[in-house]
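*Asks:* coords please:
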Amino acid sequence: MNEDSVTPVHPATHAHTSRCWWDYTKPGWICPTGEENAPRSTTPIVSEVDHAEVDTRDMVVVHTAMLREFRLLSGAVAGVADGDRVQARVVEDHLRLVCDLLHHHHEGEDELLWPLMYGRLPANLRPLLERAEAQHEGLHEALGAVGVARHAWIENASTVSRDALVQALESLSVLLTEHLDDEERNLLPLAATYLTAAEWHAIGEHGAASTPKPALPLVFGMFAYEGDPVVLKAMLASAPLVPRLLVPRLAPSIYARRAAKVYGTRTP
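*Replies:* Residues are numbered from 1 along each chain as shown. Model prediction:
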């Protein structure tokens, strides 16, 4: 939308329509001065109350855990001795879980986050979203390369296949670090502004539904290792009572046992 044809309008004096949009850069509402000539949005804009309510810190918790695990896993793979298939399978089992988490995390964003935001962002902010989508494509290819190297490694646990996997993991980590930094700096504030709380929570629910139930305590333990306790509590708010009470108590020790097997320490 061309800003020359719009003007800020105070919410108390104007009933917002789907043609109005919230400009995060000001911040403030932008509403057409000539609604008959203004482009019509196909996606209803959210209210200021909804914007204020959305808390995106849970995604930072997820990002922190995934960045840590991929960084540590590169070292864990490198530390497996030539031909040690037993330890290779221990490390590969955890690597497979983390790769699946990243895949489903991005799948949720591709299906539930980007389409909504693209329909609501003003044109000058859409390049930020397009950059993130392009990064997802690169990360999908990098995850595929890790998968190929991972399967080759567990077949023989050789030094050659091990080193190829380490290289693939390091390449993935570089791309992931750049992408998540961009997302946290640029897109999470926009998501907090343009999405409703229900729309945001649907992304987390997608991730939980994509994770095998037996693995959920371990995954929550990964999040809890460095996660903000207040945010972690909020992440379990919609869970049934028993898991909501038990998971915070059991998850840290479950992750600690996995870390000891994979990384050689309960506190990696």
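*Asks:* use CA for all of it now, contacts and neighbours both
*Replies:* Will do.
*Asks:* which residues in the stretch 151-268 of the chain form helices?
*Replies:* Counting by DSSP state H, counting those that start in this stretch, the segments of the stretch 151-268 of the chain that form helices are 159-182, 188-194, 197-210, 216-226, 229-235, 241-263.
*Asks:* for C99, find the nearest of those helices.
*Replies:* Distance to C99, taken as Cα to Cα, is lowest for helix 159-182 among the helices of the stretch 151-268 of the chain, at 10.3 Å.
*Asks:* restrict that closest one to CA atoms and write it as PDB.
*Replies:* Taking C-alpha atoms only, helix 159-182 is exported to PDB below (Å, rounded to 0.1, in the frame of the first residue of the first chain):
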ATOM      1  CA  THR A 159      36.400 -41.700  10.000                       C
ATOM      2  CA  VAL A 160      35.600 -40.600   6.500                       C
ATOM      3  CA  SER A 161      31.800 -40.700   6.900                       C
ATOM      4  CA  ARG A 162      32.100 -39.200  10.400                       C
ATOM      5  CA  ASP A 163      34.100 -36.200   9.100                       C
ATOM      6  CA  ALA A 164      31.600 -35.700   6.200                       C
ATOM      7  CA  LEU A 165      28.800 -35.600   8.800                       C
ATOM      8  CA  VAL A 166      30.700 -33.000  10.900                       C
ATOM      9  CA  GLN A 167      31.200 -30.800   7.900                       C
ATOM     10  CA  ALA A 168      27.500 -31.100   7.000                       C
ATOM     11  CA  LEU A 169      26.500 -30.200  10.600                       C
ATOM     12  CA  GLU A 170      28.800 -27.200  10.600                       C
ATOM     13  CA  SER A 171      27.400 -25.900   7.400                       C
ATOM     14  CA  LEU A 172      23.900 -26.300   8.700                       C
ATOM     15  CA  SER A 173      24.800 -24.500  12.000                       C
ATOM     16  CA  VAL A 174      26.100 -21.500  10.100                       C
ATOM     17  CA  LEU A 175      22.800 -21.100   8.100                       C
ATOM     18  CA  LEU A 176      20.700 -21.800  11.100                       C
ATOM     19  CA  THR A 177      22.500 -19.200  13.300                       C
ATOM     20  CA  GLU A 178      22.000 -16.500  10.600                       C
ATOM     21  CA  HIS A 179      18.300 -17.400  10.000                       C
ATOM     22  CA  LEU A 180      17.300 -17.600  13.700                       C
ATOM     23  CA  ASP A 181      19.100 -14.300  14.400                       C
ATOM     24  CA  ASP A 182      17.200 -12.600  11.600                       C
END
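*Asks:* and the contacts of it?
*Replies:* For helix 159-182, the external contacting residues (Cα atoms under 8 Å, 6 or more residues apart in numbering) are 63, 67, 70-71, 73-75, 77-78, 81-83, 132, 135, 138-139, 142-143, 145-146, 149-150, 152-153.
*Asks:* please pick the buried ones from the residues you listed.
*Replies:* Among these, those scoring as buried are 63, 67, 70-71, 73-74, 77-78, 83, 132, 135, 138-139, 142-143, 145-146, 149-150, 152-153 (criterion: 16 or more other Cα atoms under 10 Å).
*Asks:* let me have the helices of the stretch 151-268 of the chain in JSON lines, extended by mean neighbour count, mean pLDDT and distance to M59.
*Replies:* Formatted as JSON lines, the helices of the stretch 151-268 of the chain follow (neighbours: other Cα atoms under 10 Å; pLDDT from 0 to 100; distance: least, Cα to Cα, whole Å):
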{"stretch": "helix 159-182", "mean neighbour count": "18", "mean pLDDT": "98", "distance to M59": "10"}
{"stretch": "helix 188-194", "mean neighbour count": "22", "mean pLDDT": "93", "distance to M59": "8"}
{"stretch": "helix 197-210", "mean neighbour count": "16", "mean pLDDT": "93", "distance to M59": "8"}
{"stretch": "helix 216-226", "mean neighbour count": "21", "mean pLDDT": "97", "distance to M59": "10"}
{"stretch": "helix 229-235", "mean neighbour count": "15", "mean pLDDT": "95", "distance to M59": "10"}
{"stretch": "helix 241-263", "mean neighbour count": "16", "mean pLDDT": "96", "distance to M59": "18"}
